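1. What shape does this take:
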Amino acid sequence: MNAGIVAEAAGLFAVTNVDDILLLALFFGRAAGEPGSARRVVAGQYLGFAGILSVAVAGAYGATFLPKTALAYLGLLPLALGLRAAWQAWRNRANGDSEQAEGGRDSPRVLQVAAVTVASGSDNIGVYLPVFARSWVGGIAVYAAVFLILVAVWCAVAWFFASRPAVASVIARWGRVLYPLVLIGLGLFILVPGGAFGL
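-> You can find the predicted model right below:
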């Protein structure tokens, strides 16, 4: 295995996925205390990243799925999830439900995590595609292997942060506010600079 490609792949992954640490920490924080929910976060992250990787590899070989301008509309996914989470938090608060009950009903699901991963990683496709296009099949396999290993590292780091008592208490206290705000902000951050709806 070429050490240069491994180092380049690791650097490329770190630079393009640094924002995922915060998102994953929020997902893990919301998943705390519910059996199997942390596994769902990891599965969703892998599913979403596998989708990003598949599109980048296929695109490197000439396949086109969406025009570049359509990628901005992926921001609708986290925006919709954030608005839904905000609505649920408001409704639960209005009904006087406890945080524990709310958390049990609104812990992240595999497809939710995957959708946010794909949307937040849509710009990664534009970075990975030219790198894969200039690589041979073996080189792409090395990139993919390093990326998939680093997804596990990212999940472990995010889980570590989310499980620290100070961070966990902030997420427990403010997670119902932070979670929708971060998703809504991410959605707008994807939509507006991408020029969706003529913005």
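
2. rest of the way, CA atoms for contacts and neighbours
-> Fine.

3. Show me the shaky parts of the chain.
-> 1, 63-71, 94, 96-106, 198-199 (pLDDT under 70).

4. which SS class is the residue sitting nearest the centre point of it?
-> By Cα atoms, centre = their mean, the mean C-alpha position of the chain lies nearest to Thr117, the distance being 2.7 Å. Under the three-state scheme (DSSP: H, G, I helix; E, B strand; the rest coil), Thr117 adopts helix.

5. so who does it touch?
-> With contact taken as Cα atoms under 8 Å, 6 or more residues apart in numbering, Thr117 is in contact with 20, 44-45, 48-49.

6. Closest one of these to Val177?
-> Asp20 (18.4 Å; Cα to Cα).

7. Tell me which stretches of the protein form helices.
-> 3-17, 20-31, 37-60, 76-95, 99-105, 110-120, 122-133, 137-163, 165-191 (DSSP state H).

8. which two from the contacts of Thr117 end up farthest apart in space?
-> Every pair of the contacts of Thr117 checked by Cα to Cα; the farthest is Asp20 and Gly44, at 12.5 Å.

9. separation between Leu81 and Tyr179?
-> 10 Å (Cα to Cα, to the nearest Å).

10. in terms of contact, does Val56 touch Ser122 like I think?
-> Check again: residue 56 is Ala, not Val. No - using Cα atoms under 8 Å, Ala56 makes no contact with Ser122, being 9.8 Å away.

11. Which residue of those two possesses the greater neighbour count?
-> More crowded of Ala56 and Ser122, by other Cα atoms under 10 Å: Ala56, with 25 against 22.

12. How about the contacts made by that one?
-> 125-126, 128-129, 132.

13. List only buried entries from those residues.
-> When neighbours are counted using 16 or more other Cα atoms under 10 Å, the contacts of Ala56 contain these buried positions: 125, 128-129, 132.

14. any idea which of the contacts of Ala56 is closest to Val153?
-> Tyr128 (19.4 Å).

15. Grab the nearest non-local neighbour of that closest one.
-> In space, and not counting its chain neighbours, Tyr128 is closest to Ala56: 6.0 Å by Cα to Cα, 6 or more residues apart in numbering.

16. Likewise for Val177?
-> Per Cα to Cα, 6+ apart, closest to Val177 is Ala86, 7.3 Å.

17. try Ala10
-> Val146 (6.6 Å).

18. how deep is the one you found tucked in, by neighbour count?
-> Per other Cα under 10 Å, the neighbour tally for Val146 reads 18.

19. What residues does it make contact with?
-> Contact partners of Val146, counting by Cα under 8 Å, 6+ apart, are 6, 9-10.

20. what's the answer for Arg109, then?
-> Here Arg109 is in contact with 37, 40-41, 44 (Cα under 8 Å, 6+ apart).
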